[in-house]
Every structure is written in structure tokens, then in C-alpha cells.
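S.K.: sharing a model that was predicted from the sequence below.
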Amino acid sequence: MMLKVSRGGVASVLAAAMLGGVQAADLDWDGTSYLRVPVKLGSDTRLVMPEPFDDAWEHDEEISASLLDAHTLIIRPRTAKVEQRLTLRGRNSGMLYLVRVSSALPYTPLITVHVPSPRGGASESGNGLSVTALLRAMMLGAIPPGFRVEKTSRVLLDQAPYRVVAERLWQSFGQTGVIARVTSTLPQRTVPIVPANIQIQIPQLGALRAMAADDYELGPNQASSRLYIVYGH
């Protein structure tokens, strides 16, 4: 379950190693690129994250996914050719991990994700704030230095099955965060919030960089969810 976010630069560092006879890969995630995770029909891929997480698939009918433990997702494809996006939200940090799951990648059964510690805090403040850091700040309601916040009620999207209304704009030089409310136009049905299916382009704010939600499913018992969007020049 994930929104189609147009992003450039999807390179990640993949270092192949042999651990106890099992081919493994360490992914050093820079916080901006897609994590590349290989899968193969008839085999499992274990994705080990640096923290407990919630997962949201773009097309969950193509994949069987289960938790081995709080940090480890077991992924098994149901079809030979798989190319889809996965969103993971860290439960501790609120960080949004953007994943690309593909059967076209060289198969590796074990992927371990590492997140380097920020150096000197520069990426967490002012104009150097990263996309994921801004998403996390909006989720936590912690306004970073250098940002001004404005109220708004602009309708960003009104197309079945979603209606998205902005509530707050967090603006700094070159970067804007939008906190919005997404509701279902089909209240009696269960509607997944799939980032890949939501395109909200606002050219004056720059390119759409990332999107996340508090809940990834709407229905009779969950009428709406908070939505977080980041734009940048």
C-alpha cells in the first residue's frame, strides 16, 4: 500500500556478503532513495529493518508477507514477475522507508537495512532538513527551525475514492510540507490508502517528494486519516 511518488535517484549501496553460507546484503539507506529489495518466485526474502514498522503494499495480491519478528518482514511473491512499491513506517522514529520490490534484481534471500546517524545535526534543521526528517517532524507535530506554519482549507484532491483537504502548510526556503485530511468518498467500503494511486501536483510548491499517512485504510470504522506530503524545488 503506497502512493506513487515521483522520485529521482533510486541508487542504494548493496554490498554482497556470505553469512553462514547464506548470501546476504546490507543496505545503507540515505533517507531519500528507494530501498531495492529482490524477490524470486518460490523463495523467501527476509527484510530486516532497523526498527519495528508498519507495512503498506501497492499491490498486496502479488505478495505474501508475514512478520518473523518485530524487525523482520518475510516476503514471498505469488507471481514470477513482480515490480511494486512498499511503504514502511518506523514505529519508533516515525520515519518513512520507501521500498522497491522487484523480481528483476539479483536475488538475495536476506536484506539488512542500516540507517547512518546524522552528522552534526545539519540534516535535521533549517534548509538542510531531509525529506524523511520533515515527514517525521510533521507526524510528531515538531516544527523545525526555519519553518513557518499557515492554516489552510484548500481542497487538494476530490476524485473517488479519495477527498484530500489541506489543513496546515509548513514552509521553508525550497521545501514545503502539507498536513492534510484524507477521507473516503465510499464510506461504506474499505478503501486502502495507496500512495502509488494518489497524485497531488502543486507546481508552485515544487516537485512531489514523498507522502505518508497515519492510517493506510479507510472504511466504516475509520472515516479519515491524516496525510503528510512533502514538496521541494
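M.R.: The structure has been received and is ready for your questions.

S.K.: C-alpha from now on. contacts and neighbour counts both.
M.R.: OK.

S.K.: quick one: pLDDT of Ser172?
M.R.: Looking at Ser172, its pLDDT reads 87.

S.K.: least confident secondary structure element in this structure?
M.R.: Every helix and strand of the chain was ranked by mean pLDDT, DSSP states H and E. The lowest is strand 13-19, at a mean of 29.

S.K.: who does Leu227 bridge with?
M.R.: On the basis of DSSP bridges, Leu227 is bridged to Ala180, Ala213.

S.K.: that one: how many residues sit nearby?
M.R.: 24 (other C-alpha atoms under 10 Å).

S.K.: got it, and Leu134?
M.R.: For Leu134, the count of nearby residues is 26 (other C-alpha under 10 Å).

S.K.: same question, Pro161
M.R.: Pro161 has 16 neighbouring residues, counting by other C-alpha under 10 Å.

S.K.: ok, the one 5 residues further on next?
M.R.: Other residues near Ala166 come to 21 when the count uses other C-alpha under 10 Å.

S.K.: which strand or helix spans it?
M.R.: Assigned by DSSP states H and E, Ala166 falls within strand 162-172.

S.K.: which other helices and strands does that strand contact?
M.R.: Strand 162-172 is packed against strand 148-151, strand 155-159, strand 175-184, with contacts defined by 3 or more C-alpha pairs under 8 Å, 6 or more residues apart in numbering; DSSP states H and E.

S.K.: partner strands of the first one, with direction?
M.R.: On the basis of DSSP bridges, the sheet neighbours of strand 148-151 come out as strand 162-172 (antiparallel).

S.K.: can you tell me the element Arg136 falls in?
M.R.: Arg136 belongs to helix 131-140 when elements are defined using DSSP H and E.

S.K.: same check, this time on Thr108
M.R.: Here Thr108 sits in a region with no helix or strand, counting by DSSP H and E.

S.K.: distance check, it against Gly219.
M.R.: Per C-alpha to C-alpha, to the nearest Å, Thr108 is found 37 Å from Gly219.

S.K.: same check, this time on Leu169
M.R.: On the measure of C-alpha to C-alpha, Leu169 and Gly219 end up 27 Å apart.

S.K.: next: Leu140.
M.R.: Distance of Leu140 to Gly219, computed by C-alpha to C-alpha: 25 Å.

S.K.: between those two, which one's more packed in?
M.R.: Gly219 (17 against 11).

S.K.: got the contact list for the closest residue to the more buried one other than its chain neighbours?
M.R.: If the residues on either side of it in the chain are set aside, Gly219 comes closest to Thr190, at 4.2 Å by C-alpha to C-alpha, 6 or more residues apart in numbering. Thr190 makes contact with 217-220 under the criterion C-alpha atoms under 8 Å, 6 or more residues apart in numbering.

S.K.: 7 Å - rerun?
M.R.: Shown in contact with Thr190 (C-alpha atoms under 7 Å, 6 or more residues apart in numbering): 217-219.

S.K.: out of the residues you listed, who's nearest Ser184?
M.R.: Nearest to Ser184 among the contacts of Thr190: Leu218, at 6.4 Å, using C-alpha to C-alpha.

S.K.: grab the nearest non-local neighbour of the closest one.
M.R.: Spatial nearest neighbour of Leu218, excluding adjacent residues (C-alpha to C-alpha, 6+ apart): Val191 at 5.0 Å.

S.K.: ramachandran angles for that neighbour?
M.R.: As for Val191, its main-chain torsions (degrees, to the nearest 10) stand at phi -120, psi 120.

S.K.: what do you get for Met49?
M.R.: Geometry field for Met49 lists phi and psi as phi -100, psi 160, criterion degrees, to the nearest 10.
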